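Trainee: Pasted the sequence and its predicted model underneath.
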Amino acid sequence: MDTFVKERAHAPDQFFEAEAAGLRWLAEAESSGGARTVRVVDVAPGRIELERIHEARPARDQALAFGRALAITHDAGSVTFGAPPTGHSGPLYIGSREMPAGTAATWGAFYAPNRVLPFLDPALTAGNLREEEAVVVREACALLEAGALDDGEPPARIHGDLWAGNVMWSADGVVLIDPAAHGGHRETDLAMLALFGAPHLESILEGYQQVHPLRSGWSARIPAHQLHPLAVHAAGHGRSYGVELTAAARRTLALAEC
């Protein structure tokens with residue numbers, strides 16, 4: 001197997017171990033038809049060795065197949081919202097930022113305090129979010145934490161950082177890399193694909209719904225599920241993300257008025 005190594009001399013505690021655990025957890029669903037996940041060859045503090053994926057041009061038929069496979073991975077489930085990959089008891093990360101490892105029995109009670117609010121203070125400190133905007137985001141989080149968008153869906157086994165750069169297209173189909181895997185809501189992964197413009201997104205969604213039809217109104221809820229990645233980016237990637245985060249929070253608040 002052709003492999004490559006990622007190394008980081010001063011990696012945070014269990015940084016690559018968390019990535020390996022997430023990849024292996026997602027890969028457990030492959031035997032049932034779940035999404036293909038890059039193979040972990042070896043992991044140690046400060047380094048991870050992975051299967052090398054040779055990229056190819058995205059294709060519609062692969063997008064359809066990936067959508068179907070992603071639904072199966074999500075359906076593999078998790079013990080609760082926020083649960084880490086099986087066997088991993090250390091910190092969780094999205095990119096280079098640590099994520100809280102809190103759990104809850106309902107999605108909103110997990111999502112708002114563990115995936116959105118922790119990134120507001122860093123975004124404020126960086127100057128990418130203004131105080132009056134943070135008020136709007138906190139109002140949206142209070143709405144979610146109170147259960148306004150809870151729907152009875154069981155926790156899904158989500159990738160957690162499913163932007164287009166973590167969806168690799170190969171001659172053999174799509175391969176997932178670099179997860180922030182945990183028990184979450186299936187719509188969060190789909191919202192992140194939409195946020196950063198995955199190739200053939202309409203076909204991915206078509207394939208997904210062939211396996212697991214989405215609940216009515218899912219597209220209107222996209223802004224609520226984009227609060228997490230937008231908050232993460234507002235913490236370190238520029239003022240524009242603070243503006244987008246606030247806009248998504250306002251659209252989330254508007255859902256309660258419908």
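Mentor: Cool, the structure landed.
Trainee: roughly how far apart are the residue nearest to the spatial centre of the chain and E55?
Mentor: What sits nearest the mean C-alpha location of the chain, by Cα atoms, centre = their mean, is G160, with 2.0 Å. Applying Cβ to Cβ, to the nearest Å, one obtains 22 Å for the distance of G160 from E55. (Glycine included, C-beta is placed from N, CA and C.)
Trainee: Look up which residues are beta-bridged to the closest residue to R39 other than its chain neighbours.
Mentor: The shortest distance from R39 to any non-neighbouring residue, by Cβ to Cβ, 6 or more residues apart in numbering, is to E51 (3.9 Å). Counting by DSSP bridges, E51 forms beta bridges with T3.
Trainee: now the helices for the stretch 101-250 of the chain?
Mentor: 107-111, 120-125, 131-145, 186-195, 201-211, 222-234, 239-255 (DSSP state H, counting those that start in this stretch).
Trainee: can you give me the offset of the fourth one from its chain's centre?
Mentor: Yep, that's helix 186-195 we're talking about. Centre-to-centre, helix 186-195 and its host chain are 7 Å apart (Cα atoms, centre = their mean, to the nearest Å).
Trainee: Counting by contacts, list what it packs against.
Mentor: helix 60-75, strand 156-158, helix 201-211, helix 222-234 (3 or more Cβ pairs under 8 Å, 6 or more residues apart in numbering; DSSP states H and E).
Trainee: returning to what we had before: show me the one of the helices of the stretch 101-250 of the chain that comes nearest T37.
Mentor: Between T37 and these, the shortest gap by Cβ to Cβ is with helix 186-195, which sits at 13.4 Å.
Trainee: avg pLDDT for that closest one?
Mentor: Across helix 186-195, pLDDT averages out at 96.
Trainee: now the angle between helix 201-211 and it, please.
Mentor: 160 degrees (axes from the mean of the first three to the mean of the last three Cα atoms, to 10 degrees).
Trainee: follow-up on the earlier one: was I right about the residue nearest to R39 contacting V38?
Mentor: Yes. Assessed by Cβ atoms under 8 Å, E51 is found in contact with V38 at 5.3 Å.
Trainee: out of these two, which sits in the more crowded spot?
Mentor: Higher neighbour count among E51 and V38: V38, with 21 against 16, using other Cβ atoms under 10 Å.
Trainee: can you give me phi and psi for the more buried one?
Mentor: phi -60, psi 140 (degrees, to the nearest 10).
Trainee: pretty sure it contacts I48?
Mentor: No. When contacts are counted by Cβ under 8 Å, V38 is not listed as touching I48 (10.2 Å).
Trainee: got the CA positions of stretch 129-145 in CSV?
Mentor: What follows is stretch 129-145, C-alpha atoms only, in CSV (Å, rounded to 0.1, in the frame of the first residue of the first chain):
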residue,chain,number,x,y,z
LEU,A,129,-17.0,39.0,15.5
ARG,A,130,-18.5,42.1,17.2
GLU,A,131,-20.2,42.1,20.6
GLU,A,132,-23.6,43.0,19.2
GLU,A,133,-23.3,40.1,16.7
ALA,A,134,-22.3,37.7,19.4
VAL,A,135,-25.6,38.6,21.2
VAL,A,136,-27.5,37.4,18.1
VAL,A,137,-25.5,34.2,17.9
ARG,A,138,-26.1,33.5,21.6
GLU,A,139,-29.9,34.1,21.1
ALA,A,140,-29.9,31.5,18.3
CYS,A,141,-27.9,29.1,20.6
ALA,A,142,-30.4,29.6,23.4
LEU,A,143,-33.2,28.7,20.9
LEU,A,144,-31.4,25.5,19.9
GLU,A,145,-30.5,24.5,23.4
